[in-house]
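Peer 1: prediction below, plus the sequence it came from.
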Amino acid sequence: MTRIVNPLLSKPARKFSGRSMKGFTLVELLCVLAIMSIVMATTWSSLAGLMTGNSLTNDAYDLSGLVQQAKTAAMTQNSYVWLGFYSYTLNGAPVIAVATVSAKSGLATDLLNNNYQPLVKNLTLKNVVLDQAKAYLNLSGVDTNNSDAVTQSTTTFMANVPGQGNVTFSGVVAFSPEGSIYLPQTDGSLTPVPCVGIGLDAAPSKVTKTVAVQIHGLSGQVSIFQE
């Protein structure tokens, strides 16, 4: 019987050279890792700036909402409402607590006489500080001619902050029953202002970010400006 040999089966196995089986060399791998590190560093810088900007914008809108709430409460309750700021550090990061209190008897002198009560829960803004340098005045659209910084208010009030106790809030803005805004003074008097500016700086951040919340005097209208 003739034996039939399948040439495919009888073909000797190919011998691969050591060169064709070899993977990445250490030098090649290090080059790839170096390139990836550069790309990631560049991307992360842009991403960090975007995240910081988004967080700061959210803070501005939250603050704007609280301002509107304080103004509405003053008008509906036919009373005076005050909004103030307290800066502190939590777990190594800067935090701003924003408190609103209302007059118990509805009078402008209630704050000076410690005759006030909390209106709503404090607003907590994390990784942000008040713009002491008024850098927000450089933002496009900001009213620079009539704006008084919230830090110009010389009066304070006490309110509780969880984990901090009863602390002093400053940078106080007063809302009248008519919905107008004032900067209260130490003697309890109210100074009418055409516009109050509240600047917020992102911190800590390698990317400088600033937003502004401006409250317009007679109308009480709130505007937000950002980079």
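Peer 2: That came in fine, so what should we check first?
Peer 1: nearest the geometric middle of the protein, what residue?
Peer 2: The centroid of the chain falls nearest to Leu56 when counting by CA atoms, centre = their mean (3.2 Å).
Peer 1: part of a strand, is that one?
Peer 2: No. Under DSSP: H, G, I helix; E, B strand; the rest coil, Leu56 falls outside any strand and is assigned helix.
Peer 1: quick one: pLDDT of it?
Peer 2: Leu56 is assigned 89 on the pLDDT scale.
Peer 1: so it makes contact with Gly199?
Peer 2: No. Counting by CB atoms under 8 Å, Leu56 stays clear of Gly199, with 10.8 Å between them. In this view, the C-beta of every residue, glycine as well, is placed from N, C-alpha and C.
Peer 1: find the residues that touch each one of the two.
Peer 2: Each of Thr210, Val211 lies in contact with both Leu56 and Gly199 under the rule CB atoms under 8 Å, 6 or more residues apart in numbering.
Peer 1: all helices for this protein, in order.
Peer 2: Using DSSP state H, the helices found in the chain span residues 7-10, 18-21, 26-76.
Peer 1: ok, now which ones touch Val222?
Peer 2: If a contact means CB under 8 Å, 6+ apart, then Val222 has Ser64, Val67, Gln68, Val213, Gln214, Ile215, His216 as its contacts.
Peer 1: ok, now Ser219?
Peer 2: Applying CB under 8 Å, 6+ apart to Ser219 gives the contacts Gly179.
Peer 1: could you shift the numbering so residue one becomes 56, and keep it that way?
Peer 2: Okay, using 56 as the starting number, the last item reads as Ser274.
Peer 1: distance check, it against Asp242.
Peer 2: Using CB to CB, to the nearest Å, we find Ser274 at a distance of 27 Å from Asp242.
Peer 1: same thing with Val251?
Peer 2: For Val251, the distance to Asp242 equals 19 Å [CB to CB].
Peer 1: and these two? Which one has more around it.
Peer 2: Val251 (25 against 8; other CB atoms under 10 Å).
Peer 1: how close does the nearest residue to that one once chain neighbours are set aside get to Ser202?
Peer 2: What sits nearest to Val251 in space, not counting adjacent residues and going by CB to CB, 6 or more residues apart in numbering, is Ile270, at 4.7 Å. Counting by CB to CB, the gap from Ile270 to Ser202 is 10 Å.
Peer 1: overlap of the contact sets of those two?
Peer 2: Joint contacts of Ile270 and Ser202 (CB under 8 Å, 6+ apart) are Cys250, Val251.
Peer 1: point out where the chain drops to low pLDDT.
Peer 2: Where the chain drops to pLDDT under 70, the residues are 56-79, 81-108, 259-263.
Peer 1: mind listing the strands for it?
Peer 2: 136-145, 148-158, 171-173, 178-181, 183-185, 202-204, 212-216, 220-230, 236-239, 245-247, 250-257, 265-271, 277-281 (DSSP state E).
Peer 1: can you redo the ones you listed as a markdown table with distance to Thr164?
Peer 2: Output for those, formatted as a markdown table (distance: least, CB to CB, whole Å):
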| stretch | distance to Thr164 |
| --- | --- |
| strand 136-145 | 12 |
| strand 148-158 | 8 |
| strand 171-173 | 10 |
| strand 178-181 | 26 |
| strand 183-185 | 27 |
| strand 202-204 | 22 |
| strand 212-216 | 13 |
| strand 220-230 | 11 |
| strand 236-239 | 10 |
| strand 245-247 | 10 |
| strand 250-257 | 21 |
| strand 265-271 | 22 |
| strand 277-281 | 26 |
